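J.: Provided below are the primary sequence and the corresponding predicted coordinates.
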Amino acid sequence: MQNNYDIDLSITPNEFQLLVEVMKMQNDKSIGSFKELLTNTDWDFFLQLAMHHRVYPLIYSKLKYVDERLIPKYVIENLYQEYQKNTFKMLLLSGEMESLGRLLNENQIRSLFLKGPVIAFDIYGEISLRTSKDLDILVNKADLNRVEELLLSYGYEREDLQDKVKKSRIHIAYFHPLKKVEIEIHWRLNSPPLKEPSFNELWKRKRVSTLTTYQVYFLGEEDLFLFLISHGCRHGWFRLRWLADIDQIIQNKVISSKNSLSLKTYQYQHLGGKADLLIEHALILASVIMNTPINKEIHSLYAGKRSRKLAHLALNFILEHGPELKKNPPLSIKLNLQRRLNIIHYKFSIKSNLEKFIYLMKLLKPSSADKQTLNLPKCLHFLYYPLRPFLWFWR
């Protein structure tokens, strides 16, 4: 499975390749183009991958009409059971989304739903083809206290966080014990110091969902596209569902690969080169893994050495965070260290210059883990600074 970016997917497990090929299927007959992957397939491992990457509803929708002589019956049955569970969960979330949208709107609080059923319906045309464990709602930071009062009176309970954790968060989670619904109230799209459009700017570009009878609002097309890319990059694309979203948006021509060039001049000038970088390797990964159509102009602009390197690192990140590793024998200390360094390298590479500076300052600052590793008397605490790299390596 070679491509124009010199990224070889043949190094991935057979089941991973099969999962990707099924995701790209246009109809049940197209399975004939990769029949060789169906031989010697560990179907339990295939199901494990589908669950891990949160693409099992999509996989079921592609395989349910395939000749049962090609796919074991229990595989389809397992996928169908999980597909049903997800459909019920998305229906539950849809109802709660409408209720919360009404609750906030009637109390003059503007809200934008970031993920969940509203995004599934917008991208795939139906809520059953995408998974979601909770509802993410963006509100103006000035409204946070009022939002919490409403949620608590509505039966939600707030998660308990330590003070040091609160300072680094951009959202607070709430859980409804009776409805078994979890929501996250966001006041930012991304963690600081990264700049981003204000809530008022996002509100001006909002869209109204046609999924519910009562109006609920969500991000504009360009805002949603970059938010999904940013979210996928931040998590190293370790779930293929995020790449499937990007592919679907471009396949539906909601955002063309050509138009994505203009995103940095649309409203993300303050991100500098990072907006380009995020879009670049997201499109390369989507092209490599999902065969997302990238036009010649984009190919020539985004085929730079740095973007290709990031795509390589991201692919390693995907494999190192999934069940793929469990199929292999235990790794040596050297290989474990190399994998860990690859993860750190990727996370560091996608940061802006300011983020890199802050990250390095935090990296050099001694932590409680250092003291647990080597307990020095107070008069020698200054030694934790030069010893920190060695203590980290030891752990």
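T.: Happy to help now that I have it. Residues are numbered from 1 along each chain as shown.

J.: Mean pLDDT per helix and strand in this structure: which one sits at the bottom?
T.: helix 263-266 (a mean of 44; mean pLDDT, DSSP states H and E).

J.: Pull the number of nearby residues for Phe34.
T.: Per other CB atoms under 10 Å, the neighbour tally for Phe34 reads 16. The C-beta positions use only the backbone N, C-alpha and C, and glycine is treated the same way.

J.: what's the closest non-adjacent residue to it?
T.: Glu21 (4.4 Å; CB to CB, 6 or more residues apart in numbering).

J.: How much space separates that neighbour from Ile183?
T.: 36 Å (CB to CB, to the nearest Å).

J.: Who has more neighbours out of those two?
T.: Ile183 (22 against 18).

J.: That one contacts His171, correct?
T.: No - counting by CB atoms under 8 Å, Ile183 does not reach His171; the two are 9.5 Å apart.

J.: Could you name every residue contacting both of the two?
T.: Residues touching both Ile183 and His171 by CB atoms under 8 Å, 6 or more residues apart in numbering: Asp136.

J.: check contacts around the residue nearest to Phe34.
T.: In this structure, Glu21 makes contact with Ser33, Phe34, Leu37, judged by CB under 8 Å, 6+ apart.

J.: One more: Arg69?
T.: Counting by CB under 8 Å, 6+ apart, Arg69 touches no other residue.

J.: helix, strand or coil for it?
T.: coil (DSSP: H, G, I helix; E, B strand; the rest coil).

J.: Any figure for the gap between it and Glu15?
T.: Taking CB to CB, one finds Arg69 at 19 Å from Glu15.

J.: What pLDDT does the model give the residue nearest to Leu70 when sequence neighbours are not counted?
T.: Of all residues not flanking Leu70 in the chain, Leu38 sits nearest, at 5.7 Å (CB to CB, 6+ apart). With respect to pLDDT, Leu38 scores 87.

J.: and Leu38, how many neighbours does it have?
T.: Residues near Leu38, counting by other CB under 10 Å: 16.

J.: need the contact list for it.
T.: Counting by CB under 8 Å, 6+ apart, Leu38 has contacts Leu18, Ile31, Leu70, Ile71.

J.: do the same with Lys141
T.: Trp187, Arg188, Phe199.

J.: again, only this time at 10 Å
T.: Taking CB atoms under 10 Å, 6 or more residues apart in numbering as the contact definition, Lys141 lies against Ile170, His186, Trp187, Arg188, Ser198, Phe199.

J.: And it, its phi and psi?
T.: phi -60, psi -30 (degrees, to the nearest 10).

J.: sorry, back to before: mind listing which of the contacts of Glu21 are in helices?
T.: Judged by DSSP state H, helices contain none of those.

J.: Let me have these in a markdown table, adding distance to Glu77 as columns.
T.: Output for the contacts of Glu21, formatted as a markdown table (distance: CB to CB, whole Å):
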| residue | distance to Glu77 |
| --- | --- |
| Ser33 | 25 |
| Phe34 | 22 |
| Leu37 | 21 |
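
J.: between these, which is nearest Leu129?
T.: Comparing these against Leu129 with CB to CB places Phe34 closest, at 21.2 Å.

J.: As a check, name the ranges of all helices in the stretch 101-250 of the chain.
T.: For the stretch 101-250 of the chain, the helices defined by DSSP state H, counting those that start in this stretch occupy 117-124, 144-153, 163-168, 199-204, 221-234, 240-251.

J.: Ignoring the adjacent residues along the chain, who's closest to Asn140?
T.: Using CB to CB, 6+ apart, the closest residue to Asn140 is Phe199 (4.5 Å).

J.: Would you mind listing where the stretch 251-395 of the chain has pLDDT under the threshold?
T.: Along the stretch 251-395 of the chain, segments meeting pLDDT under 70 span 254-277, 295-308, 321-340, 342, 352-356, 358-359, 363.

J.: same thing with the stretch 51-200 of the chain?
T.: The model of the stretch 51-200 of the chain has pLDDT under 70 over residues 161-168, 193-194.

J.: What ranges does it have for its strands?
T.: Assigned by DSSP state E, counting those that start in this stretch, the strands in the stretch 51-200 of the chain fall at 111-113, 135-139, 157-158, 171-176, 181-186.

J.: right, so of those, which gets closest to Glu221?
T.: strand 111-113 (13.3 Å).

J.: follow-up on the earlier one: I'd like the helices of the stretch 101-250 of the chain laid out as TSV, including mean neighbour count and distance to Tyr385.
T.: Shown next, in TSV, are these (neighbours: other CB atoms under 10 Å; distance: least, CB to CB, whole Å):
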stretch	mean neighbour count	distance to Tyr385
helix 117-124	23	45
helix 144-153	15	37
helix 163-168	8	20
helix 199-204	15	40
helix 221-234	21	29
helix 240-251	23	38
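
J.: Out of these, which gets nearest to Glu82?
T.: helix 240-251 (13.5 Å).

J.: give the contact list for Gly32.
T.: Asp67, Leu70.
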